[in-house]
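**Q** Coordinates for the following, if possible.
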Amino acid sequence: MIKVHLNLKKTRDNSYDILIGRNLLNIIVGDLKRKKIANRYVIITDKIVERLFGRNLLRQLKGKGIKADLISFNAGEQNKNIRTFNELIEKVHSL
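**A** Presented below is the predicted three-dimensional model:
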């Protein structure tokens with residue numbers, strides 16, 4: 001696994017790590033199960049990533065007894081806007 005650190009310091013630290021490697025979904029699921037950060041998770045992704053990874057991640061989470069839901073929106077830059085954000089927030093609140 002390769003770890004790339006993005007250093008985005010301005011007035012506040014916006015830095016974060018990006019994990020690059022194989023079987024990362026398994027690693028993520030294992031970490032969430034072990035660390036028990038939350039009681040429930042929501043995967044929010046576009047419809048393309050949902051098909052590629054989202055459904056599999058949701059299946060793996062539920063398979064480990066982790067409460068999770070998946071919400072997707074139409075892919076494309078035109079859908080990354082405040083209207084889509086508000087729709088996603090409404091869907092999260094209705095779960």
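
**Q** what about the residue nearest to Glu50 when sequence neighbours are not counted, how many neighbours?
**A** Counting by Cβ to Cβ, 6 or more residues apart in numbering, the nearest residue to Glu50 once its immediate chain neighbours are dropped is Ser72, at 4.2 Å. The way it works is simple: take the backbone N, C-alpha and C, and place the C-beta from them, glycine included. Neighbour count of Ser72, defined by other Cβ atoms under 10 Å: 18.

**Q** Equivalent analysis for Leu25, please.
**A** When neighbours are defined as other Cβ under 10 Å, Leu25 has 15 of them.

**Q** Need the pLDDT of it.
**A** pLDDT for Leu25: 89.

**Q** now do Leu52
**A** As predicted, Leu52 sits at a pLDDT of 95.

**Q** In three-state terms, label it for me.
**A** What DSSP: H, G, I helix; E, B strand; the rest coil gives for Leu52 is helix.

**Q** What segments of this protein are helices?
**A** Secondary structure of the chain (DSSP state H): helices at 24-35, 47-49, 55-63, 82-94.

**Q** what residue is smack in the middle of the chain?
**A** Most central in the chain under Cα atoms, centre = their mean is Ile43, positioned 4.7 Å from the mean C-alpha point.

**Q** tell me the contacts of Leu32?
**A** With contact set as Cβ atoms under 8 Å, 6 or more residues apart in numbering, Leu32 has these partners: Tyr41, Leu61, Ile66.

**Q** Thought Ala68 was touching Lys33, still the case?
**A** No. Shown here, Lys33 and Ala68 do not form a contact pair, counting by Cβ atoms under 8 Å, at 11.2 Å.

**Q** of these two, who's got more company?
**A** Ala68 (18 against 13).

**Q** does the more buried one have beta-bridge partners, and which?
**A** With DSSP bridges as the criterion, Ala68 is bridged to Tyr41.

**Q** which residues touch it?
**A** Ala68 neighbours (Cβ under 8 Å, 6+ apart): Arg40, Tyr41, Val42, Ile43, Leu58, Leu61, Lys62.

**Q** And the buried ones among those, selectable in ChimeraX?
**A** Buried residues within these, by 16 or more other Cβ atoms under 10 Å, are selected in ChimeraX with:
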select :43,58,61
